Structures are given as structure tokens and as C-alpha cells.
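Colleague: Structure for the following, please:
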Amino acid sequence: MDLEFNKNEDHNKLRLSDLNKRLAKIKLGGGQKRIDKHHAKGKMTARERIDYLVDDPKKCIEIAAFAGEGMYEEHGGCPSGGVVIKIGYVSGKQCLVVANDATVKAGAWFPITGKKNLRAQEIAIENKLPIIYLVDSAGVYLPMQDEIFPDKEHFGRIFRNNAVMSSMGITQISAVMGSCVAGGAYLPIMSDEALIVDKTGSIFLAGSYLVKAAIGETIDNETLGGATTHCEISGVTDYKAKDDKDALDTIKKLMDKIGDYTKAGFNRSEAALPKEKQEEIYGILPASRAEQYDMRKIIHRLVDHSEFDEYKEGYGQSILTGYARIDGWAVGIVANQRKLVKTKKGEMQFGGVIYSDSADKATRFIANCNQKKIPLVFLQDVTGFMVGSKSEHGGIIKDGAKMVNAVSNSVVPKFTIIIGNSYGAGNYAMCGKAYDPRLIAAWPSAELAVMSGNSAAKVLLQIETASLKKQGKEITPEVEKELYDRIKARYDEQISPYYAASRIWTDAIIDPLDTRKWISMGIEAANHAPIEKPFNLGVIQT
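Modeller: Numbers count the residues shown, from 1 in each chain. I've put the predicted structure just below:
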């Protein structure tokens, strides 16, 4: 391999090392001391509960592990949003598991906790996946109640979704393994079946202190809403477990009895690894986001047998389209080509930019995949649509609108991997979060923003210097450089994949070598939900 390959490899492996260090810290939740206190009560942590419940912890993908990172520092932080969510297998059935992390503020709900739980339910609804809740939460985090309680996408939406999922026939099982307070008490009882752990689990609308304050009644929490009360007196719960493991074993037995699901029928053959070495992705992907590279080399290291059957190979070359298989599943791939290409007319097209012909090709290909019932995979490394008089006169807006229309109205499941740049309208056309990908993951090399850090900093610098000049202030080269560096540093923080992941603009930041696993498990999940409406582009400008 050449020197440039080695430099890229070193750079990307350092990024991966940073990712793994961040994940290791997040997995400690509220910290080792709180984990020890949790264990002293005879309780397992959220992650230990999930690992015990699933058939194989290695055959899971975690949703929004970075939720809340860098947020709520004035409140002591909220690692992973105070809840752990994974897609895995329980008694051979693929399902979602949602576990409150009581080591983080006693499992209290921050705004990002609500958003993360709603994302889990969205995945369950879209894919008709069974969902298991492992409840251990003190309820809404009161200092931020105005940001979690009353709005449409806040706490109450969770229970609305419980009801909707029940009407759709989506299995929901809850185990109360700790506190389950106030409005949160409705979640397990709106599930199909509810379990409660003796002595550690409790369910009530108001705890003993509030009951005393409200109506003057003196009662302890166990008598008020413990396992014996709800299994033998109120009938609120269906099963009483002696400890965490007993509750989880009961869930395994319940899941084992669930019947098979109606399949969407996506095509799958025997899985095969790529012929090209997957590890070479680290050396192919440039250290600098401004550098060019051939996206085909990445695709060949992601798809079975390294076989990629291109559609319209010689046309619209700034986007690659074609058919392949990933872990046996047939997929249609739409990928930004990051290599400078020369058209047959002798014109040069910049890599990562969407031109009119590229948008036209992608629109046709997306329509074809919908016609053939083939899931779509978008590989993003896009700086946006081409600008300038030639593009505007050629109808770039019209062609871009066609592509956005096709992505918006696509009925086959879509999966998005952000490899590098994800800027501006390019993010939208390449199936960003707003366009309902079933799963959206980023590599550590990803950047999400309206435009690049350099471009944005220059624009913002012009605005700020103009404002200062109006105030009669002198802008020396030194002052201008200081302003530029400050603006760019702030903007660079915001385009980081970790900034996006903390706000759940993406579902995860993943090792590039886990991409095949994410797409395969995502399509398997999507196969639970037959397509119920036809593909229709509606009205478009021709």
C-alpha cells in the first residue's frame, strides 16, 4: 500500500479508537459508584439486564448510545439519555429492548430521554417489531418538566404510542424492575403483559410522601404499590418475579410462544463476505473531508462477493446507483461519487456534488427499486447540489426536486450511512433524518451541517466584520483571524458526528466494519412490515 493509504488508515483508526473510548465511558452510565449501589440492592444494571435477556449480546445494535452527550452539564449530565435501547433477539425473535438506566438520575426522564424513547417506538411501529420495556425510572426530571411534559413529541406521546401499537398488533411486554412513578406508571400497564419484581419494583401514581401531603394517608411504598399489592390485590400486573433474572426469564418464555410474522418478502439469498478486504476502508477513506476518492472502492468492501451491478454507469457520474447484496439481502445503492469525473461532453464534475444528470439518474433508480420491492441504501458523502448560472439555467432545482420527491415518496425501506460530508440540501436528497430512513448511522468521519466549516466560517466572518465596522471598530488582520478561528471552532463542534448523535439526528456512530450488520439487521426488521401502499411520485415538474 502507498504512503497516503497508510496515513489515511492511521487517521481513521485513531478516530475509531476515540469512538470506542467514548462508548466505554458512556456504558458506565452514572458511574461505577452508582453501579455498585445498584448491585448492593440486588439489582442488575440496564445493560446487564439486556445482555442477560437477549440470545447473544454480540448480535445486537444499539440505538442512540450518544444521546445527551455534552448536554445538560448544569444538571450533572445525562449519559445515553438515561436509557439503553437495543435491537436484538430474544428466544429467536428479533425485537427492541428499552431499559431505563437507574444509575443516571434514578432513571429520570430528561427531554432527550423522551426523544430517544419515541425513536424506539417509531422503529417498532415502522417495522412492526415486538418491544420490551425494562422499567426502572423515577419519572419526569422535574427541573426540566416544561421541556418534557406537555408538547406533542413529549412524555405523553409514549403512552399514545403504546395504544397505537397495541391496535396494530405489535407485541409489548413490560417488566417493572424498580420505580415506576406518576405518568410513567401507565407505560407498563398499557403494554400487553406486565411483570413486577418483588421488593424492588413498585408502581403508583403518587408515592407515599405525596399521598401523605395530598390526602393525609400514612402508608409505605411497598404496601401502596409493590409486587404483592399489584399481583394479588389490584390486578394491575400479570406476573410476580422474585428477582431481576426471574423476570427476564419469564420474558424469554413469553417471547418463545409468539407466532411467526407476515413477511414483506424482501429478497435474500445465502450471505457472503466481500471479496475485497473490508479493513481497507480505513486506508481508502481520506483523512481530509476535502480530498477526492472513488466511492466504488468503499462499496466493493461492503457488498457480498464485492459485486456491484451499476445502473446508468456512464451517465450522471457524481452519483453511483446499482444493485448488490448485503449479508444476502438484495439492495439498491445510491452513493455520492467523491472522485472528479469527466463527462462524455468533456466537462469535469466535482466529486460529492449532485448535478442535474445525477439527480435524474437517482430518481429513476429509486423508482425502479420501488417497482421491484428492493430496499434502498444511501451512502452519503455530499456537499450539496451544483450552483452557478449554468446549473440554474439547466434546471438543477427542478431535477433536485424530482430526486427529493422520489426519496420522500419511496415505500420500500430506506437505510442511510453518512460516510463523510452531509451538507445542505444534499443531506435531504440523500435521505437524511427528515426523510424517514428506517435506520441512519454515521461513521466517525461524518460531518452534518448546512455547509462546510470553512465556508460557513467565511460567511459568518463577513457578517460579523461588517457589523463591527458599522460600529466604527477597526478590523485588523489579527482581529479578523481571531474572529475567524473563534467562529470556525464553534461551527466545527456543531458539525461533529457526536454533536449530531447526541441530539439523535443519527441513530449511531459506528465502526465502518459494522455497516453490513446494521443494514442486514435493519432489513430483517423491515421484513416484519409488509408494504401497504403503492409508490406514487405525485406531481413533479418534467
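Colleague: Count the neighbours of residue 208 for me.
Modeller: Close neighbours of residue 208, defined as other CB atoms under 10 Å, add up to 18. Any C-beta I mention is one placed from the backbone N, CA and C, and that applies to glycine too.
Colleague: quick one: contacts for it?
Modeller: For residue 208, the contact set (CB atoms under 8 Å, 6 or more residues apart in numbering) comprises 218-221, 224.
Colleague: Quick check: residue 363 vs residue 342, distance?
Modeller: 23 Å (CB to CB, to the nearest Å).
Colleague: out of those two, which sits in the busier spot?
Modeller: Per other CB under 10 Å, whichever of residue 363 and residue 342 has more neighbours is residue 363, with 24 against 10.
Colleague: So what does that one have for phi and psi?
Modeller: Phi and psi for residue 363, reported as degrees, to the nearest 10, are phi -60, psi -50.
Colleague: if I read this right, it contacts residue 406, doesn't it?
Modeller: Yes. Proximity of residue 363 to residue 406 meets the contact threshold set by CB atoms under 8 Å, at 4.6 Å.
Colleague: looking at the chain, which helix or strand is least sure?
Modeller: Lowest on mean pLDDT, DSSP states H and E among the helices and strands of the chain sits strand 348-349, with a mean of 70.
Colleague: count of residues packed around residue 99?
Modeller: If you count neighbours by other CB under 10 Å, residue 99 ends up with 26.
Colleague: Same check on residue 526?
Modeller: For residue 526, the neighbour count with other CB under 10 Å is 25.
Colleague: what's the nearest residue to it if we skip its chain neighbours?
Modeller: Counting by CB to CB, 6 or more residues apart in numbering, residue 413 is the residue found nearest to residue 526 once chain neighbours are left out, at 3.7 Å.
Colleague: list the contacts for the one you found?
Modeller: Residue 413 makes contact with 127, 266, 375-376, 438, 522-523, 526 under the criterion CB under 8 Å, 6+ apart.
Colleague: Narrow these to those in helices?
Modeller: 127, 522-523, 526 (DSSP state H).
Colleague: So which of those residues is the closest to residue 207?
Modeller: Of all these, the one with the least separation from residue 207 (CB to CB) is residue 127, at 36.3 Å.
Colleague: right, and that closest one touches residue 529 too?
Modeller: Yes. Shown here, residue 127 and residue 529 form a contact pair, counting by CB under 8 Å, at 5.1 Å.
Colleague: Between those two, which has more neighbouring residues?
Modeller: Neighbour comparison, residue 127 and residue 529: the larger count goes to residue 127, with 23 against 20 (by other CB under 10 Å).
Colleague: Identify the farthest-apart pair in the contacts of residue 208.
Modeller: 218 and 221 (11.9 Å).
Colleague: Checking residue 330 next. Helix, strand or coil?
Modeller: With DSSP: H, G, I helix; E, B strand; the rest coil as the basis, residue 330 sits in strand.
Colleague: What is the burial count for it?
Modeller: 19.
Colleague: contacting residues for it?
Modeller: 266-269, 323-324, 374-375.
Colleague: separation between it and residue 368?
Modeller: Residue 330 is 12 Å from residue 368, by CB to CB.
Colleague: now do residue 197
Modeller: Distance, residue 197 to residue 368, using CB to CB: 52 Å.
Colleague: ok, now residue 10?
Modeller: Distance of residue 10 to residue 368, given as CB to CB: 40 Å.
Colleague: For the stretch 251-400 of the chain, give me the ranges with low pLDDT.
Modeller: For the stretch 251-400 of the chain, applying pLDDT under 70 flags the ranges 346, 348, 393.
Colleague: likewise the stretch 401-542 of the chain?
Modeller: Residue ranges of the stretch 401-542 of the chain with pLDDT under 70: 453, 541-542.
Colleague: Can you show me the helices along it?
Modeller: With DSSP state H, counting those that start in this stretch, the ranges of helices along the stretch 401-542 of the chain come out as 424-429, 453-470, 477-495, 497-502, 515-526.
Colleague: what's near enough to touch the closest residue to residue 409 other than its chain neighbours?
Modeller: Nearest residue to residue 409 in three dimensions, chain neighbours excluded: residue 537, at 5.7 Å (CB to CB, 6+ apart). Shown in contact with residue 537 (CB under 8 Å, 6+ apart): 367, 402, 405-406, 409.
Colleague: Helices of the stretch 51-200 of the chain, residue ranges please.
Modeller: Counting by DSSP H, counting those that start in this stretch, the helices of the stretch 51-200 of the chain are 111-127, 156-168, 186-189.
Colleague: Switch the ones you listed over to a markdown table; also include distance to residue 133 and mean pLDDT.
Modeller: As requested, the helices of the stretch 51-200 of the chain are exported to a markdown table (distance: least, CB to CB, whole Å; pLDDT from 0 to 100):
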| stretch | distance to residue 133 | mean pLDDT |
| --- | --- | --- |
| helix 111-127 | 9 | 97 |
| helix 156-168 | 9 | 94 |
| helix 186-189 | 6 | 85 |
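Colleague: so which of those helices comes closest to residue 135?
Modeller: So among those, helix 186-189 is nearest, using CB to CB, at 5.6 Å.
Colleague: Quick one: list the elements packing against the closest one.
Modeller: Applying 3 or more CB pairs under 8 Å, 6 or more residues apart in numbering; DSSP states H and E, one finds that helix 186-189 contacts strand 131-137, helix 156-168, strand 172-181.
Colleague: Is it possible to get the ones you listed out as TSV so that each row also shows distance to residue 16 and mean neighbour count?
Modeller: Shown next, in TSV, are the helices and strands packed on helix 186-189 (distance: least, CB to CB, whole Å; neighbours: other CB atoms under 10 Å):
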stretch	distance to residue 16	mean neighbour count
strand 131-137	30	27
helix 156-168	34	16
strand 172-181	34	27
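Colleague: Identify whichever of these lies nearest to residue 357.
Modeller: Of all those, helix 156-168 sits nearest to residue 357, with 41.8 Å by CB to CB.
Colleague: Count the neighbours of residue 205 for me.
Modeller: Close neighbours of residue 205, defined as other CB under 10 Å, add up to 14.
Colleague: Wait, residue 334 touches residue 367, no?
Modeller: No. In this structure, residue 334 is not within contact of residue 367 by CB under 8 Å, at 11.8 Å.
Colleague: More neighbours: which of those two?
Modeller: Neighbour comparison, residue 334 and residue 367: the larger count goes to residue 334, with 28 against 16 (by other CB under 10 Å).
Colleague: before we move on, what SS does the more buried one have?
Modeller: Residue 334 ends up strand, using three-state DSSP.
Colleague: gap between it and residue 415?
Modeller: To residue 415, residue 334 is 11 Å away according to CB to CB.
Colleague: Residue 318 now?
Modeller: Taking CB to CB as the measure, residue 318 falls 21 Å from residue 415.
Colleague: same thing with residue 288?
Modeller: To residue 415, residue 288 is 27 Å away according to CB to CB.
Colleague: in what helix or strand does residue 247 lie?
Modeller: For residue 247, the host element (DSSP states H and E) is helix 244-256.
Colleague: Using PDB, list the CA coordinates for that helix.
Modeller: Extracted in PDB, the C-alpha atoms of helix 244-256 (Å, rounded to 0.1, in the frame of the first residue of the first chain):
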ATOM      1  CA  ASP A 244     -34.300  -9.400  38.000                       C
ATOM      2  CA  LYS A 245     -33.200 -12.700  36.400                       C
ATOM      3  CA  ASP A 246     -36.600 -14.400  37.200                       C
ATOM      4  CA  ALA A 247     -38.400 -11.500  35.500                       C
ATOM      5  CA  LEU A 248     -36.100 -11.700  32.400                       C
ATOM      6  CA  ASP A 249     -36.500 -15.500  32.300                       C
ATOM      7  CA  THR A 250     -40.300 -15.000  32.200                       C
ATOM      8  CA  ILE A 251     -40.000 -12.600  29.300                       C
ATOM      9  CA  LYS A 252     -37.900 -15.100  27.400                       C
ATOM     10  CA  LYS A 253     -40.700 -17.700  27.900                       C
ATOM     11  CA  LEU A 254     -43.400 -15.200  26.700                       C
ATOM     12  CA  MET A 255     -41.400 -14.300  23.600                       C
ATOM     13  CA  ASP A 256     -40.800 -18.000  22.900                       C
END
